[in-house]
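**Q** Give the three-dimensional model of this entry:
(one chain, ligands or ions: 1)
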Amino acid sequence: MSASGSERAKTPSDIRAMKGGAPIVCLTAYTTPVARLVDAEADLVLVGDSVGMVLHGMDSTLGVTMELMILHGQAVARGCTRGCLVIDMPFGSYEESPEQAFRNAARLMRETGAAAVKLEGGVAMAETIRFLTARSVPVMGHVGLTPQAINTLGGYKVQGRGADRARVMADARAVAEAGAFSVVLEKVPAGLAAEVTAELAIPTVGIGAGVDCDGQVLVVDDMLGLFDAFKPKFVKRYATLAEDARSAIASYAQEVRTRAFPAPEHIFADE
Ligand code: KIV
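**A** The predicted structure follows:
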């Protein structure tokens, strides 16, 4: 609660303080109406760069731009009053140098009102995360499967099996030591995610990383069954909105063709 008695939005420090406590609920949102729905329940509302694939039909997140993220970030901010609003830094907006990352992170926060940015990468991004956090930019890390790196990772494979375990562990450690307030673990074996969660002082938020993470995140369109072109194993569908929409659209089309719609209650009388 704020000094005025009304509920205030959660901050990155609030999320950091949830380590080891009640599981952190995180969902993506890309539009105002969905942000309103998500914000009613979520601790953390993420404007993910998955927006490129989910709403814009891109094959990967690589084509997402700063402008696209800002537009969706602004829309989500209008529907978000409780959750901690975090926005993804798109591919190419932070990897070149810490200075480039700061410039773009500050722009994302200034133009959208997001409380923090998320960026992908572990050891290689530690210096950048340190630079940003020292300059008042809270950072959420993202290690394991990092979708912006699919061309070097060789696709959307599980990360951290066998000899690769140490790499994912080192990435997670590096992000935490650099000052991130939390870290997404994507598509890593459940045992490894549990080990990372036990070792790190910051909360882990898992997607395809088992039940022992400090929180969970899903793409909202996946869990609502609205995006149903394919279903990753780690997605649980809590609704079948695409099916419902297909059926509603088919009914509408049929009623238009048979003149069953509009009915008298949808019509304006002449006088
Ligand atoms: O872009 C995104 O939606 C994400 C989450 C899946 C973690 O990064």
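
**Q** Give me the mean pLDDT for the strand or helix carrying I249.
**A** In this assignment (DSSP states H and E), I249 forms part of helix 241-257. Here helix 241-257 scores 98 as its mean pLDDT.

**Q** Now do the buried residues in it.
**A** Across helix 241-257, burial judged by 16 or more other Cβ atoms under 10 Å covers L241, A242. C-beta: built from backbone N, CA, C; applies to glycine.

**Q** Using PDB, write out every CA atom in it.
**A** Provided in PDB are the C-alpha atoms of helix 241-257 (Å, rounded to 0.1, in the frame of the first residue of the first chain):
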ATOM      1  CA  LEU A 241      -9.500 -19.000 -26.700                       C
ATOM      2  CA  ALA A 242      -8.500 -19.600 -30.300                       C
ATOM      3  CA  GLU A 243     -10.900 -22.500 -30.500                       C
ATOM      4  CA  ASP A 244     -13.600 -20.300 -29.000                       C
ATOM      5  CA  ALA A 245     -12.800 -17.500 -31.400                       C
ATOM      6  CA  ARG A 246     -12.900 -19.800 -34.400                       C
ATOM      7  CA  SER A 247     -16.300 -21.100 -33.400                       C
ATOM      8  CA  ALA A 248     -17.600 -17.600 -32.700                       C
ATOM      9  CA  ILE A 249     -16.400 -16.300 -36.000                       C
ATOM     10  CA  ALA A 250     -17.900 -19.300 -37.900                       C
ATOM     11  CA  SER A 251     -21.300 -18.600 -36.100                       C
ATOM     12  CA  TYR A 252     -21.100 -14.900 -37.100                       C
ATOM     13  CA  ALA A 253     -20.300 -15.800 -40.700                       C
ATOM     14  CA  GLN A 254     -23.200 -18.300 -40.900                       C
ATOM     15  CA  GLU A 255     -25.600 -15.800 -39.300                       C
ATOM     16  CA  VAL A 256     -24.600 -13.000 -41.700                       C
ATOM     17  CA  ARG A 257     -25.000 -15.300 -44.700                       C
END
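
**Q** at contact distance from the ligand, anything in the helix or strand where R110 lies?
**A** Element membership for R110 (DSSP H and E) is helix 98-112. No - using Cβ under 6 Å from any ligand atom, helix 98-112 stays clear of the ligand, with a minimum separation of 13.8 Å.

**Q** got it, and stretch 213-233?
**A** Yes - using Cβ under 6 Å from any ligand atom, stretch 213-233 reaches the ligand at V217, V219.

**Q** pLDDT on that stretch, on average?
**A** 95.

**Q** go on, stretch 92-107?
**A** 98.

**Q** List the buried residues in that stretch.
**A** Buried residues in stretch 92-107, counted by 16+ other Cβ under 10 Å: S93, Y94, E95, P98, A101, F102, N104, A105.

**Q** Where does the prediction get shaky in the protein?
**A** Filtered on pLDDT under 70, the chain yields the residue ranges 1-6.
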